[in-house]
Each structure stands twice: as C-alpha cells, then as structure tokens.
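K.L.:
A predicted structure for the sequence below; I have some questions about it.
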Amino acid sequence: MSAAQPIMPGVTAPEYDVSRPLDLDYVGAFADVTPAERAHQLAVREFVQDRVLPVIDGYWERAEVPFELVKELGARDFLRDGVSVPDRPEISLTAEGLAAMEMSRGDGSVATVCGVQGGLALRSIMMHGSDAQIARYAEPMARGDVLGAFALTEPTHGSDSVSLETTAVRTVRDGVEGYAINGEKKWIGFGSCGHITVVWARLVGDAGDSQVHGFIVPQDADGYRATTIEGKVALRAITQAHIVLDDVFVPLDAALPGATSFKATSQVLFATRLAVAWSAVGHAIACYEAALEYVGQRVQFGRPLAASQLVQERLTRMLSTISQLQLLVARLTRVAEAGGLTGAQASLAKYSCTRGAREVAALARDMLGGNGILLANRVARHFADIEALHTYEGTESMNALIVGRDITGFSAFA
C-alpha cells in the first residue's frame with residue numbers, strides 16, 4: 001500500500017496503486033509469438049503506461065478527445081490498426097491483436113480511435129479504393145494528419161445495416177459529374193471532428209443498381225451536418241456523431257471503385273471483428289490487474305483482502321475466464337493468418353470475449369467496493385467502456401445468430 005496521505009486533521013485516506021502491468025499470460029497462450037510481435041506489444045504497453053494512463057481519466061471525465069495522443073499514435077505508427085500501407089512495415093495479425101489488447105488495457109476510447117481511423121476508415125480505402133485514393137489518403141491517415149470516420153450505422157438501422165436507407169444518385173452539378181447523397185448516420189466515431197467520412201449508401205435512380213456503395217465524403221462538404229452525441233457513459237474520450245447528409249454532392253472519383261455491394265462493407269467489418277475480441281481481452285486484463293493489486297494493498301479485519309478465501313476464489317474465476325479468452329483469440333488469429341478464419345468463428349470470438357470481459361469487470365468492480373467507482377482505480381472506466389464494446393461490431397444477439405446459423409443451417413435473423 002502506498003503511504004496514506006492526510007486529508008484533514010486526524011484522518012487519512014489510503015491511496016492504491018493499481019496501474020502496474022502484470023504481463024498476464026497464465027497458461028502460455030502467447031508463448032509462440034515472434035520476437036517482432038512481442039516487441040510491438042511491448043512498445044504499445046510502454047505508450048499506454050507512459051502516455052495514456054497518466055492523463056486519460058481527465059479526458060474521459062470531461063468527454064474530450066485527446067488529440068495530442070492521436071498525433072502521437074500516428075507518429076509511433078500505432079494508428080493504422082495493422083492495415084497495410086505502402087512504404088510502412090507489415091504488421092502481423094497477431095502483433096496487431098496484441099496491440100489492440102494492450103491499447104484497450106489502457107483505455108477503450110484510445111483503442112477505438114485506432115479501430116475507427118485504421119481498422120474501419122483507412123481499411124475501407126485500402127481494400128476498396130482506387131490507386132489515386134490510396135495515394136492521396138493512406139500515408140496522411142497513417143500519420144494522423146487526416147482523420148477518418150466510417151458511416152454505416154443509421155438511426156433506425158444498426159444490426160439491420162443491410163437495409164440502410166441512405167441513398168446516392170448519379171447526377172451533374174455545375175458541369176461536374178458525381179453523386180448526390182441523402183440520409184442519416186448515427187454513432188459515427190470521428191464523424192464530427194475529423195476530415196473525411198467513408199459513407200455507405202444505396203445507389204439508386206436511373207444509373208443506380210440499388211446496391212450499397214462506399215463514398216469518401218469531406219466533412220466540410222455542403223449539406224454535411226454532424227452533431228456530437230452527448231451524455232454518453234462509455235467511450236467518453238472519443239466523439240460519436242449523428243450525421244445528416246442533405247443533398248451532399250461528391251464527384252465521381254469520391255466513389256470507392258471496389259465498394260459496390262454490401263459484401264464490400266462486410267469484408268471491412270469481418271477484418272475488424274477479431275480485433276474487437278482482442279480489445280475485450282485487454283479490458284478484462286485491466287480489471288483483473290486492478291483487482292489483484294487492490295486486494296493485496298487493501299487491509300480489512302487486520303489482514304489484506306487477498307488473504308480471504310472468497311477473494312481468492314473470485315480472482316481464480318477471473319483468471320480462468322481471461323485465460324480461456326486469450327487462448328481463443330490467439331488460436332483464431334493464427335487461423336486468420338493462414339487464411340482459414342470464417343465469419344462465424346470471428347463472431348464467436350467477439351461474442352465470447354465481450355461476454356467474458358463483462359463478467360470479469362463486474363467481479364472486479366465488486367471486489368474494490370466503494371473504491372471501484374473511482375476513475376483513479378481504473379475499473380469503473382473499463383466497466384463502462386466494455387458496455388459499448390459489447391454492442392458495436394455486432395451485438396451479442398447478432399453474433400449469436402451468425403454462429404447459430406452456421407451450426408444449424410437455419411437463418412433466424414427475422
């Protein structure tokens with residue numbers, strides 16, 4: 001326990017140090033990672049310890065984006081979420097999974113910044129963009145000079161995103177051929193404070209095919225109105241926006257040539273779903289670390305809480321859950337690297353890891369007692385952020401139905 005600091009005459013309030021990284025891998029789930037993968041993990045951990053943890057509680061409490069950290073993420077090449085960018089080193093899926101775990105162990109908002117900027121917006125352009133679009137955006141986005149958003153979800157279409165209502169119509173404005181985009185998007189990370197948004201819209205009209213297409217839309221375009229969603233209790237250090245697209249015009253070269261059906265959207269989301277599972281593991285580890293450190297320092301009834309049978313049983317239960325989740329993501333990531341990961345397997349990883357992280361966070365919050373609701377003790381922030389993670393990239397129910405369809409052969413979505 002750290003030295004107690006007097007807060008008024010005759011009264012002391014102990015302070016607890018619960019931020020130490022424990023390098024948790026009890027069953028050797030990561031025993032086969034390469035030296036390069038391990039080095040990438042440790043570099044991210046160092047960033048989390050030195051730059052994120054000392055300041056993130058304040059940003060989270062004030063609901064402010066730590067833009068200086070975003071720039072530093074770009075400078076350290078952590079912002080592209082493992083997406084391949086010309087003239088930058090390749091990062092294995094395992095290395096990026098470990099990075100997502102470490103970043104989320106620090107903070108869910110910072111991890112989501114990487115997921116939105118690299119995993120969704122940049123990946124959309126790298127997977128489906130033209131050579132000219134890649135040349136224009138890849139490096140600036142990797143550096144963090146251009147911030148991107150990914151606009152798929154709509155106010156009335158979340159899980160049912162295949163039914164999105166935002167439309168694009170081929171048209172001519174002032175002698176320029178392009179598209180007029182109309183509709184609304186909601187819960188769009190960086191949608192109100194970035195530079196570009198990858199908007200997914202259904203191409204309709206005489207030249208339309210009613211398929212979902214992707215478009216790069218400048219956030220300062222006429223008719224693009226984005227309002228930051230306020231009152232969130234999770235992921236408070238990254239903004240999400242409600243976007244209204246009111247006859248927004250973009251030229252022909254704003255269309256992503258490879259994004260001409262919802263299949264293209266699914267390819268981007270499939271690539272990120274496993275990363276979300278890794279992030280959930282990181283949140284769980286943070287809660288476990290805080291709980292283990294706390295019960296070793298907190299004295300009740302003349303002894304540390306760690307000497308209690310009930311506390312040891314709960315710690316074991318938490319460790320058991322985390323170990324299973326680590327084994328799951330480590331194995332499925334190697335399968336993905338070999339090109340064999342299925343959509344149902346990715347959904348199972350996301351389903352299992354977010355559920356498990358919620359359970360670990362609930363146990364940790366309870367073990368810290370009243371101190372568990374203080375931001376300084378980490379658990380409350382992670383507990384809240386896990387709730388957002390549990391919902392995005394496919395809710396628990398939707399991922400369960402994806403797995404259920406795979407194992408039974410019956411679709412039960414409707």
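P.N.:
Received it, and whenever you're ready, just let me know what you need. The structure displayed is predicted, hence computed values, not measured ones.
K.L.:
packing partners for whichever strand or helix holds Arg202?
P.N.:
Under the criterion of DSSP states H and E, Arg202 resides in strand 196-204. Where contact means 3 or more Cβ pairs under 8 Å, 6 or more residues apart in numbering; DSSP states H and E, strand 196-204 is packed against strand 148-151, strand 167-173, strand 176-189, strand 212-218, strand 240-251. Backbone N, C-alpha and C define where each C-beta goes, glycine included.
K.L.:
Please work out which of the ones you listed is packed deepest.
P.N.:
strand 148-151 (a mean of 28; mean count of other Cβ atoms under 10 Å).
K.L.:
Show residues contacting it.
P.N.:
Contacts with strand 148-151, where a contact means Cβ atoms under 8 Å, 6 or more residues apart in numbering, come from 116-117, 120-122, 124-125, 137, 141, 185, 188-191, 194-200, 217, 219, 241, 243, 268.
K.L.:
got the CA coordinates for the strand holding Arg202 in PDB?
P.N.:
Taking C-alpha atoms only, strand 196-204 is exported to PDB below (Å, rounded to 0.1, in the frame of the first residue of the first chain):
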ATOM      1  CA  ILE A 196     -13.300  12.700 -44.200                       C
ATOM      2  CA  THR A 197     -16.100  10.100 -43.800                       C
ATOM      3  CA  VAL A 198     -16.500   6.900 -45.700                       C
ATOM      4  CA  VAL A 199     -20.200   6.900 -46.200                       C
ATOM      5  CA  TRP A 200     -22.100   3.800 -47.200                       C
ATOM      6  CA  ALA A 201     -25.200   4.500 -49.300                       C
ATOM      7  CA  ARG A 202     -27.500   2.700 -51.700                       C
ATOM      8  CA  LEU A 203     -27.000   3.700 -55.300                       C
ATOM      9  CA  VAL A 204     -30.500   4.500 -56.700                       C
END
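K.L.:
how many degrees apart are it and strand 212-218 in direction?
P.N.:
140 degrees (axes from the mean of the first three to the mean of the last three Cα atoms, to 10 degrees).
K.L.:
check contacts around Gly356.
P.N.:
Counted by Cβ under 8 Å, 6+ apart, Gly356 has contacts Ala280, Ala284, Thr321, Ile322, Gln324, Leu325.
K.L.:
from those, which is closest to Glu90?
P.N.:
Of all these, Glu90 sits closest to Ala280, with 25.1 Å by Cβ to Cβ.
K.L.:
Please pull out the lowest mean pLDDT helix or strand from the chain.
P.N.:
Within the chain, no helix or strand scores below strand 5-8, which has a mean of 50 by mean pLDDT, DSSP states H and E.
K.L.:
domain ranges for this protein?
P.N.:
35-143, 148-260, 263-408 (automatic domain parsing).
K.L.:
Between those domains, which one is closest to Leu24.
P.N.:
domain 263-408 (5.3 Å).
K.L.:
Off-centre distance for the closest one?
P.N.:
Centroid separation for domain 263-408 versus its chain: 13 Å, with Cα atoms, centre = their mean, to the nearest Å.
K.L.:
and the end-to-end length of that domain?
P.N.:
Domain 263-408 has an end-to-end distance of 23 Å (Cα to Cα, to the nearest Å).
K.L.:
How about Ala290, nearest residue that isn't a chain neighbour?
P.N.:
Closest residue in space to Ala290, ignoring its immediate chain neighbours: Val18 at 4.1 Å, by Cβ to Cβ, 6 or more residues apart in numbering.
K.L.:
tell me the phi and psi of the one you found?
P.N.:
phi -120, psi 20 (degrees, to the nearest 10).
K.L.:
what do you get for Gln219?
P.N.:
Backbone torsions of Gln219, given as degrees, to the nearest 10, read phi -70, psi -10.
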